[in-house]
Every structure is written in C-alpha cells, then in structure tokens.
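Enquirer: Pasting the sequence and the predicted coordinates here, then a few questions.
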Amino acid sequence: MAENDISIIHPRPSSIVAALYTLRDLNVDVAILHGPPGCSFKHARLLEEDGIHVVTTALDENGFIFGGREELSTMLVKVNEMFNPKLIGVVGTCVSMIIGEELSEPVKDANLDVPVIGVEVHAGFPNNTKGVLIALESACEAGVITDEELERQKVLLTEATNVEKRHGAASKEYLVPSRGDLKYKVAEKVINYLKEGKKCLTIMNAKKETGYMFADITVAINEVAAQLGVADNVINMANVDDTLGLPRVRQHATYIMNDFREKGIVIHEIIGGMDEYPIAGELVSKLIAEKYSDFDFAVITGVPHAIPMDNLQNMDVISVTNGPRQVFPLKDMGHSNVIVEIDLHPKTLGVNNIVESEFGATIREVVKDMQNAEEA
Amino acid sequence: MMEQKRIAIYGKGGIGKSSTASNVAAACADEGYKVMIIGCDPKSDSSITLLGGKRIPTILDLLRQKIDVKEEDIVYEGYKGVKCVEVGGPEPGIGCAGRGIIVAIQKLRQMCKSIDDMDLIIYDVPGDIVCGGFVAPIRKGLVNEAYILTSGEYMPLYAANNICKGLAKIDTPLSGIICNSRSVTREEEIVRKFSEEIGSKLMAFIPKEQIVQDCERDGFSVLEKAPDSPVAGVYRELAHAIMSNDSSVLPSSLEDERLRELTR
C-alpha cells in the first residue's frame, strides 16, 4: 500500500448496496441479489419501502460449492410471474463473484421478454461508488441509459469519492461517530440571528432522496423568517434541477420543487441536479462571491462537506448532516455548529413529499416558546 | 485478414499442456503468425521455454504487491516475437486460485492493448475445469475454441471426459482432442475412439520422445532447440491443423463404464 493511502478501518457503505440503489434510480421493478440470504439485508428491506422488490437467491453452503446458475434462472422466472416487471436487475455478491458465477448465462436460461441488467459486483472495493459505476456500465450495455449519461455519472462519481476523501467519511483512518450539537440550542441561535436582522443563506445540497428531509429545514427557516417579518433576509439555494440525472432522481427534484412552491418558498438559486451534490459546491462558492458575500450566516444541509469554505470564511456556518461520522470532519472545516438528523434515510425512502426533520420541528417549537415567553 | 483464433487447452494436470502449448506457439511463430500465450498455471511454465528458461513476473505477483499494472509489466516477448503472459497464483494452500484467474483475466483485458493484433492467443488453463474461476477465460468471451489434451491412460481420459461435461454445461464447443502419448498399449486407437464417441476428432498424436524433456530442461521449445527432430515436425503439423481448423462441436460425454471399456 502506498504510504499516503489512508486505510480506513471502520466499516463503510458497500458496493453491492450502492449498486442496488443505482438500480432503484434506474427504476427497475425487481432486484435479485445473487448470493447468501443475509447479504445486504438491511438495505434490501429499506429499498422495498421505496417501491422496488428486492429478493435473494439465498445460496447456502451447497450453493457456494456447486454454484447457483439454476437458482438464479428459476428466480428470474419466478419474479417475472409474481411481479410482472418491466425492468429487472441482478446483483452479484461477494460469494457468487468469488466462486466465478456468471450472470448472463442464467438470464439466457430464463429466456424472459424483460430486459435484465446484470451487475457483477462484490463488496471488495475501497470506494463504494465502484458499485454505482458497475451498475451504470451494465445498464448502458443493456441499453437502459445513454453513453452520455454514463459519462456524466462517471464525472460525478469521481468527484463524490474525492469529496469523501477530502472532508468526509473516508478522510481519516477512524472517525468517532457523534450526535452533534443539541438541536434546540442551535435553533435558538438561528432564530436570534434572524431576529437581529442578520442575513441568512440556506444551502440545500442533498443527495437524491435525502432531499425530502433536508428541504424541510429550508422550509422551517423561511417560515420563521416570515413570522418574524424578515423573509427578505433569507436567500435559498437548492440542488433541485429536475432536468438532470437518472429517471427517479429527476422525479425527486420535481416533487420537492412542487412542495416548495406550494409552501410559498422561493428557491433563488438552483445549484444543480439531485445527483450533483459532489460538484455543486463550486457554483455555490461562485454565487456567494458574486452576490452574497455580505451575508451573516449560512445553514448548509445534506452534504455540507462538499461546499468549499473559501467564501464562507466571514459567515457563521451551521450544517446539518445525516452521517454521525461527519460531525468532526465538519467541525474541522470550520463549521461552528453541526447537527445530525438521525435515521433520516429510512424516513425518506418511498415518499414523494417533504418530510418533517427534527431540526425543522425544533426551530418551529423553539420560536413558539420564545414568542410565548415574550408575551408572558 | 484472418479471424483471430483464441484457444484454450484443457486437460488433466501434468499431462503436458504447457509444453504442447509452447511448442505450438513456437511453431505458429515460425510460420509468421502473431502469437500470444497466456499461462494460467501457478507454476508459470507455459512461457518459460519460449524465454530461454527465464521466468517472468506474473500478473498476480504484481497485484499482490499492489503495483499499478501496465501492459509492459506483464507482457514479455519470447521466441520469434511470441508474447508471453503469466497469470500466476497465490501461495499453495492460501487464498483462492480460481478467483486469482478471474481477477487476472479482467486486468489483462483492461491493460493489454496488443491482444487485438494477435492471430493466435493460447490460454494454457490449469488442469481440470474444477471451479468457476478456471473457466473465466471462456466465460469472459476471451476464448472461442477449446482443445483437450489427454493420453490413452484411464485417468487423463477420465479428466478429459469431465471437461467435456463442463464445456457442454457452459455452451462452449470443443474443437478437437490432442493425444500426448505416454506409450501405453493401443494408445492412438483408444484416444481416436474416445474423440469420435464424444463427437469430436483427434487432432494429433504426439509421440513420447526424450528430446522434448531435454529441451524443456534446457529452457527451450523443441522447435527452437531441435527443429529437425521428428517430434518438431509433429508440433508443426498440429499447429497447422489448429490454424486451419474450422469445425467444432458441443461435446457429449461417455458413461463411466464405457470409458473403462475403452481403456481395457
């Protein structure tokens, strides 16, 4: 191993799971995990909440020895009958890939009229984005996405990996998980800033479906600013361009934008698509320099560590993440407060409306308490 | 331009696949063909007689050292420009050789640009088809013809018969049987009969000659060290038969009892 390489010792997201999520974004109806029954259980179940069926060929010791060609082709026939899918994905696992299982042969055996994306992936990659990449390459081979989209995704994936290595979960050998700062304390601070007439930037830079919850923080801050009569002091940025990305990702952007509109929230700056969180930072930085350099504080949600600090030096930066291991790297970057939305992901799968966040709810409650106290 | 031939040679361990493969490679190079030999045996002795007895670093050696492998690190030119690649393997008793082949083959495919310019590529596959890894060259679309090397003895024929089952299982046609003689009784007749009964044909009968061993011990192919020997002529004929062969069949396999009968 090269000397400069950090060997990260805490468990990391797996490439198999990353491939599953990518298949979901490609709108497969069924994903078959070809391997042991317990592989990727937690995410497989979670993804079922998101409207896709995840099943397993459940290879056992015999399967590891004798292979699972028949198990897979039988499963393909079975899911075709059960779910009548329009698009199927098959995902390799560590076991099936190590023993040299071939995914295209069972697909041929099953002889279905449905396109099948076979993803030969295991979890032995240092970067889980490799799973996304293999899934997208397989999808491109199957004619499900264009070469152009594949190229675009490759750029995003490389940058996503860089972001994690610079300031994210891959930046240190071991990162201590943390719940971050107390939400009511930070809520108080935000409300007081608004009361004092300070100018606020909300920057939502969310990864795909996590946006359903991070958007609520934008909403909460705008609601409170309106109540306090300082709505004009808030500028909103969000990566909700719905013309970019895989089918399901574009749809998230549309749904979130619809909700913003319905709630009367103006997004002043659209900073990219919902898969562009690794690269949106540059545009944010440029916009701040050009238009918002005199702002007092910023609330960054989603993937805050992808936003460069260069032009945020003069602001108080508050960030909201869903990764407990992200707290200390963000503090290291200079964020004065870091908040963690625990269990965000399970709550944002399978929804198509903005979901209430703990921090958003806290802001709403704290402002009520403060007003009651003043009236009393 | 002729279509590229990409062949794999299967057969029981120790039956002489590597020496046959390297002599065929040398004979084809003599004819002016552009040849590459890819040795998949951990001993890495497919190419050693084409390189004057020199061992080359294997793909897996380099991967183990986490070296960012480039084409020039793994492809070496030997006798008359034959390009030599060795896959290598883990230490005996540690890790998984089958997985090693899968990974090395993927690496080779990414790295090796010159593979497209070849007239003939020979995969010298280890032993029997024992697991998914050993058929990786075929499954990854890198091989379009398979040959089986055997002698007239019972065990090599048993292995050959098993390999036929394997090839049928993965839908890969067999292009012929090569007999590497161990000087047993009625050997040519037995192997010819076996070839016919599985639906294939006998490509060549290579007699057992001391000169093959002698050249190998010196680190050379027969074609290089003893080009005028009769066995060199046999290898030339085999090379010609392979290069002009355009027929292959999905092999059937024999019942155990029939196999015994044949060799009795």
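Expert: In hand now; what should we look at?
Enquirer: Give me the below-cutoff pLDDT ranges for the chain.
Expert: Here I'm looking at chain A. A:1-5 (pLDDT under 70).
Enquirer: Wait, chain B was what I had in mind.
Expert: If you take pLDDT under 70 as the line, chain B has these spans: B:1-2, B:127-129.
Enquirer: residues from it in reach of chain A?
Expert: Taking CB under 8 Å from any CB of the partner chain, the part of chain B that reaches chain A is made up of B:66, B:96, B:98-99, B:102, B:131-136, B:139, B:170-171. Using the backbone N, CA and C atoms, a C-beta is placed for each residue, glycine as well.
Enquirer: Select only the buried ones of those residues in ChimeraX?
Expert: Applying 16 or more other CB atoms under 10 Å in any protein chain shown to those, the buried members can be selected in ChimeraX as follows:
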select /B:96,98,99,102,131,132,133,134,135,136,139
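Enquirer: Rebuild the residues of chain B next to chain A as a markdown table, extending it with secondary structure and distance to residue A:147.
Expert: As requested, those are exported to a markdown table (DSSP: H, G, I helix; E, B strand; the rest coil; distance: CB to CB, whole Å):
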| residue | secondary structure | distance to residue A:147 |
| --- | --- | --- |
| B:66 | coil | 32 |
| B:96 | coil | 35 |
| B:98 | helix | 33 |
| B:99 | helix | 31 |
| B:102 | helix | 27 |
| B:131 | coil | 35 |
| B:132 | helix | 31 |
| B:133 | helix | 31 |
| B:134 | helix | 34 |
| B:135 | helix | 31 |
| B:136 | helix | 27 |
| B:139 | helix | 25 |
| B:170 | coil | 30 |
| B:171 | coil | 30 |
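Enquirer: Return the member of the residues of chain B next to chain A nearest to chain A.
Expert: Closest approach to chain A among these (CB to the nearest CB): residue B:132, at 2.1 Å.
Enquirer: Hmm, residue A:67 and the closest one touching each other?
Expert: Yes - here residue B:132 reaches residue A:67: they are 6.4 Å apart, a contact under CB atoms under 8 Å.
Enquirer: Between the two, which contacts overlap?
Expert: Counting by CB atoms under 8 Å, 6 or more residues apart in numbering or on different chains, the shared contacts of residue B:132 and residue A:67 are A:99-101.
Enquirer: Could you pick out the buried ones from those residues?
Expert: A:99-101.
Enquirer: Same list, these, but only the ones touching chain B.
Expert: A:99-101.
Enquirer: Enumerate the residues of chain A near chain B.
Expert: So far as CB under 8 Å from any CB goes, chain A lies against chain B at A:1-2, A:67, A:97-102, A:105.
Enquirer: from these, which would you call buried?
Expert: Buried among those by 16+ other CB under 10 Å: A:67, A:97-102, A:105.
Enquirer: Could you tell me the end-to-end distance of stretch A:196-206?
Expert: 28 Å (CA to CA, to the nearest Å).
Enquirer: hang on, I meant stretch B:55-65
Expert: Start-to-end, stretch B:55-65 (CA to CA) is 17 Å.
Enquirer: Which residue, other than its chain neighbours, is closest to residue A:257?
Expert: residue A:240 (5.1 Å; CB to CB, 6 or more residues apart in numbering or on different chains).
Enquirer: And that neighbour, its phi and psi?
Expert: Backbone torsions of residue A:240, given as degrees, to the nearest 10, read phi -120, psi 30.
Enquirer: same thing with the one 4 residues further on?
Expert: The phi/psi pair for residue A:244 (degrees, to the nearest 10) reads phi -120, psi 140.
Enquirer: need the contact list for it.
Expert: So residue A:244 contacts A:250, A:253, A:272-276 (CB under 8 Å, 6+ apart).
Enquirer: Go again with 10 Å.
Expert: A:149, A:152, A:156, A:250, A:253, A:272-276 (CB atoms under 10 Å, 6 or more residues apart in numbering or on different chains).
Enquirer: List the backbone torsions phi and psi for the residue in the stretch 201-350 of chain A positioned nearest to chain B.
Expert: Using CB to the nearest CB, residue A:278 is the residue of the stretch 201-350 of chain A that sits closest to chain B, at 24.3 Å. Per-residue torsions, residue A:278: phi -70, psi -20 (degrees, to the nearest 10).
Enquirer: List the contacts of it.
Expert: A:129, A:155-164, A:168, A:205, A:207, A:272, A:303, A:306.
Enquirer: if we go to 8 Å?
Expert: A:156, A:159-160, A:162-163, A:303, A:306.
Enquirer: Neighbour-wise, give me the winner out of these.
Expert: Among the contacts of residue A:278, residue A:303 has the most neighbours (other CB atoms under 10 Å in any protein chain shown), with 28 neighbours.
Enquirer: Find the residue closest to that residue in space, skipping its chain neighbours.
Expert: residue A:277 (4.5 Å).
Enquirer: Give me the three-state assignment for that neighbour.
Expert: coil (DSSP: H, G, I helix; E, B strand; the rest coil).
Enquirer: cool, residue B:55 as well?
Expert: Assignment for residue B:55 (three-state DSSP): coil.
Enquirer: Now it: phi and psi?
Expert: Phi and psi for residue B:55, reported as degrees, to the nearest 10, are phi -90, psi 140.
Enquirer: hmm, back to that, what about the residues of chain A next to chain B, which are in helices?
Expert: Among these, the ones falling in helices (DSSP state H) are A:97-98, A:105.
Enquirer: Closest one of the residues you listed to chain B?
Expert: Set against chain B, the nearest of these by CB to the nearest CB is residue A:98 (5.2 Å).
Enquirer: if I pick that closest one, what's in contact with it?
Expert: Residue A:98 touches A:122, B:96, B:99, counting by CB under 8 Å, 6+ apart.
Enquirer: Strands along the stretch 201-350 of chain A, start to end?
Expert: Per DSSP state E, counting those that start in this stretch, the stretch 201-350 of chain A carries strands over the ranges A:234-238, A:269-270, A:297-302, A:316-321, A:337-340.
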